[in-house]
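> here you go, sequence then predicted model.
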There are 2 protein chains.
Amino acid sequence: MLDSTDRPAPDRAAPDGVAAVHRALSLLFAFREGEATLTLAEIAARTGHYKSTILRLLGTLEQARCVERQPDGSWALGPMLFRLGSLYAQARPARRHLPTALAALAEATGETASFWIRQGDDRLCLARVRSPSPIRDDLSEGALLPLPAGAGGRILSAADPRALGVVATFGERNPETAAVAAAVFGPGGALAGALGISGPRARIEARAEEFRTLVAAGAAELTRRLGGDLR
Amino acid sequence: MLDSTDRPAPDRAAPDGVAAVHRALSLLFAFREGEATLTLAEIAARTGHYKSTILRLLGTLEQARCVERQPDGSWALGPMLFRLGSLYAQARPARRHLPTALAALAEATGETASFWIRQGDDRLCLARVRSPSPIRDDLSEGALLPLPAGAGGRILSAADPRALGVVATFGERNPETAAVAAAVFGPGGALAGALGISGPRARIEARAEEFRTLVAAGAAELTRRLGGDLR
DNA sequence: AACGTCGTTCCAATAGACGGAACACCCGGT
DNA sequence: ACCGGGTGTTCCGTCTATTGGAACGACGTT
């Protein structure tokens, strides 16, 4: 007795898992860069959930300090997320070596240096050291960029990052920006992330060859520090 | 008709809210400082939940990249938490001014400078700049300390922080450590957090008066930058 | 080989989440 | 002043979705 008719439509993205948790997390993901607070109505519009449902979930998240209610009634992300995020960062072996590696690269190039890991179809900036120049690529830790674009993205989405070597892109992610990046590997030869620099296109074009060398050396050094397999 | 008998016992910690979300978050809170990964059994022991329940919740959290499954089957916190934590930090107006304020204080004193906010019965380190000295208070961003202890804790748990002025403690949080802290205020005169330094007791005792002045000046300057009310 | 411990899957029962309706509220417009 | 559209909030019956065992296979140890 095979009843193929009343299948509950597993079309796509079967949202497997605990629905209430998915909903609660979707509230957190409603917050975007540069938005300190959101109102209930905004959250409802973005997530598509009923306001009563949202309020109940927000109350739960608030108890855990994952969100904070503002005096004016609007909602903001809570400090517990910062704590959990810090615990994540500390658990990454790479994290310990990033400040020095990035500072050295930023110093040598005069551009903003950053380290990226893949996260699904995006890439996440784990750490960065800003260029000393006032004209610079002013990105933040925690920034989330679409995966394929930019030098770092090329590395993280490559089928074989080892074959790529150093990648330089000019105006790919942003017309005025250029970037140079190279892969960093961890123990066992696994891709640990992408190390690179980014800045105004003209400055990087002018010293492209020099920067390729510096980024390659920085990535190799960081790989070595992580106990990674270079070849 | 006052029936005082069958009250549903509001003893303490009435777990109001969505149970599934509470449970899921409790899994994240099972992770502690310095523990990169946990096994299912460890999480079960700490949270007291059934393994089947935990596995289902972890699966949901994994889809959202709030946890990551390691190749060996154990579990770690996920990168999405880092992103959310970064968004929280960026939303804090204080955050923008902290690096320079802390760097200046660390430079002037030679000790580790840090900034703390209250979070329930704990205090959370939002940012810190390490002392250049090899012997130093080596705390991390995201560190969570019990509220009452230490100079920063005194500030954050004071009934009237304004009355306290600069607080110095010697060996309170840790016998070998001393700290000097002062309150920072935001717009409207609300307590924004505590700014301070900490380091080996002997070094701080030797220059206590000087440090009090420096910390007070740093806190006043930071308050000014935040558009805060000083008096 | 026997045991303990681990992670994993399955499913019926029911606790508990959902979502709609109804409410109080604050503004701005007319 | 009166209304209208927009807030945020509470309440409660329905039924879905979560739970928590039991049962299983796979390791590792004794």
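Yes, it's here.
> which SSE is A:L58 in?
Secondary structure from DSSP states H and E places A:L58 in helix A:51-63.
> go ahead and name everything in contact with the next helix-or-strand element following that helix.
Following helix A:51-63 in sequence order, the next helix or strand is strand A:67-69 (DSSP H and E). By CB atoms under 8 Å, 6 or more residues apart in numbering or on different chains, the surrounding residues in contact with strand A:67-69 are A:27-28, A:58, A:61-62, A:75-79. For glycine as for every other residue, the C-beta is placed from the backbone atoms N, C-alpha and C.
> write a PyMOL command that selects only the buried members of those.
The buried subset of the contacts of strand A:67-69, as determined by 16 or more other CB atoms under 10 Å in any protein chain shown, is captured in PyMOL by this line:
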select buried, chain A and resi 27+28+58+61+75+76+77+78+79
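> looking at the contacts of strand A:67-69, which is nearest B:A168?
B:A168 lies nearest to A:P79 out of these, by CB to CB, at 25.8 Å.
> show me where chain A has its helices.
A:19-29, A:40-47, A:51-63, A:79-91, A:93-109, A:150-157, A:161-164, A:201-206, A:208-225 (DSSP state H).
> distance from the first one to the middle of the chain?
Right, helix A:19-29. 20 Å (CA atoms, centre = their mean, to the nearest Å).
> what does chain A have sitting close to DNA strand D?
A:18-21, A:39-41, A:44, A:51-52, A:55, A:73-74 (CB under 7 Å from any atom of the strand).
> check contacts around A:G142.
So A:G142 contacts A:85, A:124-125, B:82-83, B:85-87, B:89-90 (CB under 8 Å, 6+ apart).
> identify all contacting residues around the least confident helix or strand in chain A by mean pLDDT.
When each helix and strand of chain A is scored by mean pLDDT, DSSP states H and E, helix A:161-164 comes last, with a mean of 91. With CB under 8 Å, 6+ apart as the test, helix A:161-164 has contacts from A:154-155, A:158, A:183, A:185, A:191, A:231.
> please parse chain A into its domains.
Split into domains by automatic domain parsing, chain A comes to A:19-83, A:92-225.
> what about the last one, how long is it end to end?
Using CA to CA, to the nearest Å, the end-to-end distance of domain A:92-225 comes out at 13 Å.
> go on, stretch A:108-122?
In stretch A:108-122, first residue to last residue: 28 Å (CA to CA).
> what about A:P187, how many residues nearby?
11 (other CB atoms under 10 Å in any protein chain shown).
> what separation do you get for it and B:A19?
Here the distance between A:P187 and B:A19 works out to 40 Å (CB to CB, to the nearest Å).
> ditto for A:P175
According to CB to CB, A:P175 and B:A19 sit 50 Å apart.
> go on, A:T223?
Distance from A:T223 to B:A19, by CB to CB: 45 Å.
> between those two, which one's more packed in?
A:T223 (21 against 11).
> hmm, the more buried one is touching A:G188, no?
No: counting by CB atoms under 8 Å, A:G188 is not a contact partner of A:T223; they are 12.0 Å apart.
> just the buried ones out of the residues of chain A next to DNA strand D, please.
Members of these classed as buried by 16+ other CB under 10 Å are A:18, A:20-21, A:44, A:74.
> could you pick out which of the residues you listed are near chain B?
For chain B, the contacts drawn from these by CB under 8 Å from any CB of the partner chain are A:18, A:20-21.
> which residues touch A:A20?
A:57, B:18, B:20-21.
> A:F31 too?
A:F31 touches A:38, A:76-77, B:84, B:87, counting by CB under 8 Å, 6+ apart.
> so which bits of chain A are right by DNA strand C?
Residues of chain A lying close to DNA strand C by CB under 7 Å from any atom of the strand are A:19-20, A:23, A:49-53, A:56-57.
> okay, the residues you listed in a markdown table with distance to A:G196 next?
Shown next, in a markdown table, are those (distance: CB to CB, whole Å):
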| residue | distance to A:G196 |
| --- | --- |
| A:A19 | 39 |
| A:A20 | 40 |
| A:R23 | 36 |
| A:H49 | 38 |
| A:Y50 | 44 |
| A:K51 | 43 |
| A:S52 | 46 |
| A:T53 | 42 |
| A:R56 | 43 |
| A:L57 | 38 |
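> closest to A:R118 among those residues?
A:R23 (26.0 Å).
> how many neighbouring residues does that closest one have?
Neighbourhood size, A:R23 [other CB under 10 Å]: 20.
> how far away is it from A:L58?
Distance, A:R23 to A:L58, using CB to CB: 11 Å.
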